[in-house]
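Chemist: I would like to see how this sequence folds:
(2 chains)
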Number of protein chains: 2
Amino acid sequence: MALIVQKYGGTSVGDIDRIKNVARRIARTYDADNQVVVILSAMSGVTDQLIRTAEQITEFPDKREMDVLLATGEQTTVALMAMALTSMGYKAKSLLGFQAEILTDSHSCSARILDIGAGRIKELLTDNHIVIIAGFQGCDAKGDITTLGRGGSDTSAVAVAAGINAAACEIYTDVDGVYTADPNICKKARKLDRICYDEMLEMASLGAKVLQIRSVEFAMKFNVPVHVRSSFNEETGTMVVKEDANMEKVVVAGVTHNKNEARITFKKVPDRPGIASRILAPISEAGIIVDIIIQNTHDDNLADLTFTVGKTDYKTALAISRKTAAEINAGEVLGDENIAKISVVGVGMRSHYGVAAKMFATLAAENINILMISTSEIRISCIIEEKYTELAVRALHTAFGLDQE
Amino acid sequence: MALIVQKYGGTSVGDIDRIKNVARRIARTYDADNQVVVILSAMSGVTDQLIRTAEQITEFPDKREMDVLLATGEQTTVALMAMALTSMGYKAKSLLGFQAEILTDSHSCSARILDIGAGRIKELLTDNHIVIIAGFQGCDAKGDITTLGRGGSDTSAVAVAAGINAAACEIYTDVDGVYTADPNICKKARKLDRICYDEMLEMASLGAKVLQIRSVEFAMKFNVPVHVRSSFNEETGTMVVKEDANMEKVVVAGVTHNKNEARITFKKVPDRPGIASRILAPISEAGIIVDIIIQNTHDDNLADLTFTVGKTDYKTALAISRKTAAEINAGEVLGDENIAKISVVGVGMRSHYGVAAKMFATLAAENINILMISTSEIRISCIIEEKYTELAVRALHTAFGLDQE
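Modeler: Coordinates of the predicted model:
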């Protein structure tokens, strides 16, 4: 008998028929002699609808109350799922965030899980219940309802799996697993059987939308094996696990791309200490996250400084930058929305030389110019012109031996 | 400074504009130097919609999960109301049943309130907050969500008012208050300025739908003055209060009618001990509530037994009765759906003679035949033919001096 946590996303429980389908899948897992804890998202579209309702009341709804409102989405699905299972003759009970003792900090709309008090969950499991828990929501020390931010149900699932020492955490979604590249642009992309936490973290933060980053951090911290798979078929998906020796033999696990950034360049900035901070402080004060930053110096004691921001923040960041440039007597400020970030990721890089050189050579062979470079221990990213995105992904996929046989 | 509890029903918060209107009314009460605690129902129609959704999952949804599902209705309105008030610059926070510590028993879908732990409410009031509480819902000792049954928000409001020792409990609804008779059939009906708990209890159980009966029981038990008034105007409504000496001067406070009953008659029942129980036990075992029961004896050691049940239970009760009649060798079983119950209510009856005689004489003067009679200390009810309902109400209203001047 194994203790299994299953998480189903909004598409998987998107209507009454899909809820019934998921109920049958849960029942099969239970019938195969497992203890089952299920985490559910709101039905797809519901959270957006609730946000639109709140915006009819006021342009800037109180965040504490937004949490109370949004929490109704998951509350609805867990009640309906428990009804579906009880009507099939199974013992099933729903638990909301506060009932499952998902304790968070008090940051409304983006709370972080602090602890899982598994008392009620274990009690129900011992009594042979299937336990259906509302994802995305928790409860702070005062007893206020909190929510975890977009994709938060993934984190709920992994945290609960950690809290009750589950054998595995299965994340059911609308894709088959984690791929070596986006199958929509790279036909030769392969589904990965295994990927380690570090790689998954990089992939997630680079735009592979299978798992919320925080859920991967949680899985890594508590060593929870995560199985990403489709709720629409029975195929095995991708196991996200602890790094093992075998993984290092593969230099690159995957190639990712991200078209959601834009870059801003300050030309001819007086090259004196503190100037980068002078430029970037107003950006961060506006709540805008900067990704890659590059500064290069000219002979004439002037420097160029370039950085990238999310496309949704681009116009605001550009306006702030032009104001700053005038204040510090910099040259012109250039903006470019037509860029893409291409990355190769793999723990094998730690023990293999020449990955960067190979990446640059591959891009050069396709006449793709590299605009910016950024690296971590297990990742190399290049900013290129957006129009070369698909070509670059395919070329790197082939060059690093990832193509399907 | 007074501590006031206000309850707004589903029609009063039926859409975004109405929620904003109610927010302004709450704000005016707060600005008039009061502490304000608000109890809200779900937006009108929402509870029915949720029930229909559950029925798409299964014909007989699990009741515990139905509570979880239905509780989202009030959760939505309290969040939106708190948003509306905060956007107007007021300090306001929503509390769900469990957060307001509305402790109930564990009877899903028809729980009874056991206790109100007013800690969080008082804390927020001390901090100058307007407190917005989800009506209709509570939480049992295990931490499971419960709901109080149709009209339960009235009871939530009165219980909270009792729990925090509020100066008054205002019930905002879509009528102006409690009337001496239904204004739709008796044009001379007057709005009552005051009515005592006992009278209100009788009126409520006789079909005047302004307040849930349990809320009146609660108000009486804890001596909470209840003010029933309209949320669509500023008029004073009806105060439901403790009986005082003045009230006894008025013999009859109101005339009510109820067309929702039907009667069943057993002819020629062998008149031996235990026969009434033999007839009525199968009815009550089917979960059907019997209202009035009358038995009269013939000379030939045979009796007729007549009783009334709700119209929705009529067909079931009739079928059960015919089966019983065959078993006990009774005569035929007659049924009649075309009846009405007309009642006069007033605490003054306790000290005034001749109320019954006057009622019978008034009906006789209109040639209305009385089919059954039932009395309590402060009420006399007659079952008559349904077609005379309006005539009877108007005649009694005039006879007991209730007509508008």
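
Chemist: Pull out the buried positions in stretch A:87-104.
Modeler: Residues A:87, A:90, A:92-104 are the ones in stretch A:87-104 that count as buried (16 or more other C-beta atoms under 10 Å in any protein chain shown). All C-beta spots, glycine's among them, are computed from the backbone N, C-alpha and C.

Chemist: Now go through those and say which are in helices.
Modeler: Counting by DSSP state H, those place A:S87 in helices.

Chemist: near chain B, which of the buried residues of stretch A:87-104 show up?
Modeler: Residues of those in contact with chain B (C-beta under 8 Å from any C-beta of the partner chain): A:87, A:93-94, A:96, A:98-99.

Chemist: biggest separation within the residues you listed, which pair?
Modeler: The most widely separated members of those, counting by C-beta to C-beta, are A:S87 and A:F98 (25.9 Å).

Chemist: tell me the contacts of the closest residue to chain B within the stretch 201-350 of chain A?
Modeler: Residue nearest to chain B within the stretch 201-350 of chain A (C-beta to the nearest C-beta): A:S231, separated by 17.7 Å. Listed by C-beta atoms under 8 Å, 6 or more residues apart in numbering or on different chains, the contact partners of A:S231 are A:8-9, A:11-12, A:21-22, A:25, A:172-174.

Chemist: Please pick the buried ones from those.
Modeler: Neighbour-count burial (16+ other C-beta under 10 Å) applied to the contacts of A:S231 gives A:8-9, A:11-12, A:21-22, A:25, A:172-173.

Chemist: I'd like these laid out as CSV, including pLDDT.
Modeler: Formatted as CSV, these follow (pLDDT from 0 to 100):
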residue, pLDDT
A:Y8, 96
A:G9, 93
A:T11, 92
A:S12, 93
A:N21, 95
A:V22, 96
A:R25, 96
A:Y172, 94
A:T173, 88
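
Chemist: ok, back up a step: show only the entries of the buried residues of stretch A:87-104 found in strands.
Modeler: A:92-95, A:102-104 (DSSP state E).

Chemist: Under the pLDDT cut-off, which ranges of the stretch 51-200 of chain A? List them.
Modeler: Counting by pLDDT under 70, the stretch 51-200 of chain A shows no low-confidence range.

Chemist: At the contact with chain B, which residues of it appear?
Modeler: Neighbours of chain B within the stretch 51-200 of chain A, by C-beta under 8 Å from any C-beta: A:53-54, A:56-62, A:64-66, A:68-69, A:71-72, A:75-76, A:78-80, A:82-84, A:86-87, A:93-94, A:96, A:98-99, A:120, A:143-145.

Chemist: Can I have the buried ones of those as a PyMOL selection?
Modeler: Listed next is the PyMOL selection for buried residues among these, using 16+ other C-beta under 10 Å:
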select buried, chain A and resi 53+54+57+58+61+62+64+65+66+68+69+71+72+75+76+78+79+80+82+83+84+86+87+93+94+96+98+99+120+144+145
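
Chemist: Which of the residues of the stretch 51-200 of chain A next to chain B fall in strands?
Modeler: Among those, the ones falling in strands (DSSP E) are A:93-94, A:145.

Chemist: got a pLDDT number for A:L206?
Modeler: Looking at A:L206, its pLDDT stands at 72.

Chemist: so A:V36 is in which element?
Modeler: For A:V36, the host element (DSSP states H and E) is strand A:34-40.

Chemist: counting contacts, what elements does that strand pack onto?
Modeler: Secondary-structure packing of strand A:34-40 (3 or more C-beta pairs under 8 Å, 6 or more residues apart in numbering or on different chains; DSSP states H and E): strand A:2-8, helix A:16-31, helix A:63-87, helix A:119-126, strand A:130-134, helix A:152-163.

Chemist: Can you show me the CA trace of that strand as PDB?
Modeler: The C-alpha coordinates for strand A:34-40 follow below in PDB (Å, rounded to 0.1, in the frame of the first residue of the first chain):
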ATOM      1  CA  ASN A  34      -3.300   3.000  -2.300                       C
ATOM      2  CA  GLN A  35      -4.100   5.700   0.100                       C
ATOM      3  CA  VAL A  36      -5.000   8.800  -1.900                       C
ATOM      4  CA  VAL A  37      -4.900  12.500  -1.200                       C
ATOM      5  CA  VAL A  38      -6.100  14.700  -4.000                       C
ATOM      6  CA  ILE A  39      -5.400  18.400  -4.500                       C
ATOM      7  CA  LEU A  40      -7.600  20.400  -6.900                       C
END
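
Chemist: so what strands line up beside it?
Modeler: Applying DSSP bridges, strand A:34-40 is found paired with strand A:2-8 (parallel), strand A:130-134 (parallel).

Chemist: relative orientation of it and helix A:16-31 in degrees?
Modeler: Per axes from the mean of the first three to the mean of the last three C-alpha atoms, to 10 degrees, the angle that strand A:34-40 makes with helix A:16-31 is 150 degrees.

Chemist: ok now strand A:34-40, how far from the chain's centre?
Modeler: Offset of strand A:34-40 from its chain centre (C-alpha atoms, centre = their mean, to the nearest Å): 22 Å.

Chemist: okay but A:N369 is in contact with A:E385, surely?
Modeler: Yes - counting by C-beta atoms under 8 Å, A:N369 touches A:E385, with 6.8 Å between them.

Chemist: Those two: who's more crowded?
Modeler: Between A:N369 and A:E385, counting by other C-beta atoms under 10 Å in any protein chain shown, A:E385 is the more crowded of the two (15 against 11).

Chemist: bridging residues for that one?
Modeler: In beta-bridge terms (that is, DSSP bridges), A:E385 pairs with A:I339.

Chemist: Show me which positions of the strand holding A:V36 end up buried.
Modeler: Under the neighbour-count criterion of 16+ other C-beta under 10 Å, strand A:34-40 has A:34-40 buried.

Chemist: of those residues, closest to chain B?
Modeler: Set against chain B, the nearest of these by C-beta to the nearest C-beta is A:L40 (12.2 Å).

Chemist: how about the helices in chain A?
Modeler: Along chain A, counting by DSSP H, helices occupy A:16-31, A:46-57, A:63-87, A:119-126, A:152-163, A:197-205, A:213-222, A:275-285, A:314-327, A:355-365, A:389-399.

Chemist: Tell me how many other residues crowd A:A253.
Modeler: Counted with other C-beta under 10 Å, A:A253 comes out at 26.

Chemist: A:D31 too?
Modeler: Around A:D31 there are 10 residues (other C-beta under 10 Å).

Chemist: now do A:D127
Modeler: Using other C-beta under 10 Å, the number of residues around A:D127 comes to 10.

Chemist: contacting residues for it?
Modeler: Contacts for A:D127 were tallied using C-beta under 8 Å, 6+ apart; they are A:K91.
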